[in-house]
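**Q** show me how the following folds:
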Amino acid sequence: MGNEIDKPANKGKVGVITLPGDFNYGGKLQLRAVMSIYRGLGYDPEFLVLERKFRLIAHPKEIARRALHKPSPRSMSLEEAQPPARRAAFRRFSEGMRPHSYQSPREVDASSFVFFSVGSDQVWNPNYIFTENDGGNGVKRAYHLLTDPRELPDERDWYFLGFARRDQRVALAPSFGVSSLDRHQARLTSKGLSGFDSLSVREEAGARLIENLTGQHAEVICDPTLALSRGDWEMVSDDRVTPNGPYVLAYVLGQRTDESNEAIRIASKEGSLPVVRLSDQARPGEPDAGPAEFISLVEHASCVVTDSFHASVFAAIFERPLVIVRRQGKGQSGMFSRLESLIHMLGIESMVFDGTYDAPAHADYDGVAEAIARERKRFVGYLESVLESR
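**A** Purely as a prediction, here's the structure:
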């Protein structure tokens, strides 16, 4: 779409709603893309955040920790858990995207916005937005209903734009991040989806969920990060933590498994190439990278080994050798649906790790630039058609 970040806005304010994810690379990168796209179309985007509420009754585990005088992870904010240099890197990247916070959806003055945009990221993942639903456990849900009676309704209204007029609601490539819903999740999700005249999602599994729940068709469009050009992202990239020589970038968000370890071992040529490990958890030994440094680490890697959607996106944008492994860990198995859609969309099936490493196959980007251009055109066409109907 060209470099549109600094174009003047004149069409009014757009409320952008996505997961907060202060130290999540993919979340910050897609937010940057969404805001850039809306600025390029002449709007003034504002990032809106629903603050988590303070529980009137402490969680039983928290009560036990206090009784045993053990430090609580709840007493340390996510920001405090990050090394200072990584916090600074994320702050640099977030300039111009500072959130406007609300305690409740009812605080938003919808009349001061032209429309509201929800997406991308996993904004419709029930395990994120329907807080503490515990996979349908009725006893635990009843406990959370007692302690926070407004929490589930507020989060549904927030992430499905229930506080806005129907004609103000735009779904811009949201993701479910799961391929199935339990009955409780399906009921809440179906009610939220009913408020949209048109729907788009980021993966085929999400489109199937919507059709099964509501009978509505949802357009499958690419993630907003693909809607910006390689040149746009090169302008954002920051190489201050990028090694000078060859290296393998291992960005594995799920559990480290025999499969991921084997993929890293093979890609690094039995350890002859140094391995730069990175995660959202700021583990010891990881570089102090913010999203801009993340882009550079992908852009210059000899190979990227990952189970991450956005690491795969940027490896494709920069045409870097890529090895995709399946994410492992509790509640993680369904997340591959997002990557599956990306793999088929771009035609990079050869990048999925099958226990062997064929270097030419994992670097074969024949036709991928054309596929990205096609998906970018579809993305822009969908958004413009939705906005024209407002």
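
**Q** could you point out which element follows the least confident helix or strand in the chain by mean pLDDT?
**A** Evaluated with mean pLDDT, DSSP states H and E, the helix-and-strand set of the chain has its lowest mean pLDDT in helix 60-67, which scores a mean of 49. Beyond helix 60-67 on the C-terminal side, the first helix or strand identified by DSSP states H and E is helix 84-94.

**Q** in that following helix, what's buried?
**A** Of the residues in helix 84-94, 86, 87, 89, 90, 93, 94 count as buried by neighbour count, 16 or more other Cβ atoms under 10 Å. Using the backbone N, CA and C atoms, a C-beta is placed for each residue, glycine as well.

**Q** out of everything not next to it in sequence, what's closest to the third one?
**A** Read that as residue 89. residue 290 (2.8 Å; Cβ to Cβ, 6 or more residues apart in numbering).

**Q** would you mind measuring from residue 115 to residue 366?
**A** Between residue 115 and residue 366 the distance, using Cβ to Cβ, to the nearest Å, works out to 39 Å.

**Q** out of the two, which sits in the more crowded spot?
**A** For the pair residue 115 and residue 366, the greater number of neighbours falls to residue 115 (21 against 7), based on other Cβ atoms under 10 Å.

**Q** what ranges of this protein fall below the confidence cut-off?
**A** Judged against pLDDT under 70, the low-scoring parts of the chain cover residues 1-9, 52-80, 131-151, 329-335.

**Q** quick one, longest helix in it?
**A** Looking only at the chain and at elements set by DSSP state H, the helix with the highest residue count is helix 368-388.

**Q** would you map out the domains in this protein?
**A** Each domain of the chain is listed here as a residue range: 13-227+373-388, 237-368, per automatic domain parsing.

**Q** ranges for the strands of the stretch 151-300 of the chain?
**A** 169-171, 199-201, 218-220, 248-251, 275-278 (DSSP state E, counting those that start in this stretch).

**Q** pull up the pairing partners for the first one, direction included.
**A** For strand 169-171, the paired strands and their directions (DSSP bridges) are strand 115-118 (parallel).

**Q** give me the contacts around the strand it pairs with.
**A** If you take Cβ atoms under 8 Å, 6 or more residues apart in numbering as the criterion, strand 115-118 is touched by 14-18, 34, 38, 45, 48, 110, 159-161, 164, 167-172, 174, 387, 390.

**Q** one more time with 7 Å
**A** Contacts with strand 115-118, where a contact means Cβ atoms under 7 Å, 6 or more residues apart in numbering, come from 14-17, 34, 159, 161, 164, 168-172, 174, 390.

**Q** over to stretch 287-297?
**A** Contact partners of stretch 287-297, identified using Cβ under 7 Å, 6+ apart, comprise 25, 28-29, 83, 85-86, 89-90, 92-93, 233, 236-242, 249, 276, 278, 314.

**Q** now do it: distance to the chain's middle.
**A** Once both centres are worked out by Cα atoms, centre = their mean, to the nearest Å, stretch 287-297 turns out to sit 16 Å from its chain's centre.

**Q** output that stretch as CSV, nothing but the C-alphas.
**A** Extracted in CSV, the C-alpha atoms of stretch 287-297 (Å, rounded to 0.1, in the frame of the first residue of the first chain):
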residue,chain,number,x,y,z
PRO,A,287,18.2,-10.4,22.8
ASP,A,288,16.4,-7.2,24.0
ALA,A,289,14.3,-7.0,20.9
GLY,A,290,11.2,-5.0,20.4
PRO,A,291,8.9,-5.4,17.3
ALA,A,292,11.2,-3.3,15.1
GLU,A,293,14.2,-5.5,16.1
PHE,A,294,12.1,-8.6,15.6
ILE,A,295,11.5,-7.6,12.0
SER,A,296,15.3,-7.2,11.4
LEU,A,297,16.1,-10.5,13.1
